[in-house]
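S.K.: predicted model and sequence follow; I will ask about them next.
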Amino acid sequence: MRNTYIFVFLFFVICSSCNNSGKDATSRNNLIVSDQIEFYRLNDKMFDLFSEDASEEMCTNYYDSLTAFLRDALTKYDTIPPFDKDPALDVAMKGFLTTYQQLVFNEYNELLNIVVKPRYLLEASDLKILDSLYLVIDEKQNEIDQTFIAEQESFCKKHKVQFE
């Protein structure tokens, strides 16, 4: 009888441990998703401003907010310990943030420099560059997002976290 109690106790401890691991994986995934939601909110607002002929100050402020968010998020993911059972999602998030940061510093910055020009100063070459930049940005965003989503889906499947 005593062996049965010990077996039940050990089984409970093992199941609880597995459950905590699942909760930890869910918590880490939720942290990352909330940071991505904030990034996309800032990103979408900036592009809305670009298309609404917002003031240079407003566009620049959102660009600065986006770069500050990326800088702070990268610092956060550099300072928190990686998910101990599988750091793949943390590595993927750092890659997501770093790649977006490069995109923001390069293509977004070039886009910002054209968008804030008064309309009467825009030349045909600026409009061509704008079209080209929007295509490049769209392509790079899709690549960044798909790369991250594949890693996230793998992480969620491996740790039995609901993937949406």
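M.R.: Perfect, I can see it now.

S.K.: count of residues packed around Asp78?
M.R.: Counted with other Cβ atoms under 10 Å, the burial measure for Asp78 works out to 10 neighbours. (Each C-beta comes from the backbone N, C-alpha and C, glycine too.)

S.K.: that one against Met93, yeah?
M.R.: No: judged on Cβ atoms under 8 Å, Asp78 makes no contact with Met93 at a distance of 10.9 Å.

S.K.: give me the element Phe69 is part of.
M.R.: Phe69 is part of helix 56-79, with elements assigned from DSSP states H and E.

S.K.: what sits against Arg119?
M.R.: Each residue near Arg119 by Cβ atoms under 8 Å, 6 or more residues apart in numbering is listed here: Asp53.

S.K.: against Leu130, how distant is it?
M.R.: Using Cβ to Cβ, to the nearest Å, we find Arg119 at a distance of 12 Å from Leu130.

S.K.: what secondary structure does Ala54 sit in?
M.R.: Under the three-state scheme (DSSP: H, G, I helix; E, B strand; the rest coil), Ala54 adopts coil.

S.K.: show me where the protein has helices.
M.R.: For the chain, the helices defined by DSSP state H occupy 2-51, 56-79, 88-103, 109-115, 124-158.

S.K.: with mean pLDDT as new columns, can these be given to me in CSV?
M.R.: Formatted as CSV, the helices of the chain follow (pLDDT from 0 to 100):
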stretch, mean pLDDT
helix 2-51, 69
helix 56-79, 95
helix 88-103, 95
helix 109-115, 94
helix 124-158, 94
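
S.K.: deepest of those helices, which one?
M.R.: Ranked by mean neighbour count under mean count of other Cβ atoms under 10 Å, these are led by helix 88-103, which reaches a mean of 19.

S.K.: specify the angle between that one and helix 56-79 in degrees.
M.R.: Inter-element angle recorded for helix 88-103 and helix 56-79: 150 degrees (by axes from the mean of the first three to the mean of the last three Cα atoms, to 10 degrees).

S.K.: helix 88-103 packs against which elements?
M.R.: With contacts defined as 3 or more Cβ pairs under 8 Å, 6 or more residues apart in numbering; DSSP states H and E, the packing partners of helix 88-103 are helix 2-51, helix 56-79, helix 124-158.

S.K.: which residues does that helix contact?
M.R.: With Cβ under 8 Å, 6+ apart, helix 88-103 has contacts from 28-29, 32, 35-36, 39, 67, 70-71, 73-74, 77-78, 82-83, 137, 140-141, 144, 147-148, 151-152, 154-155.
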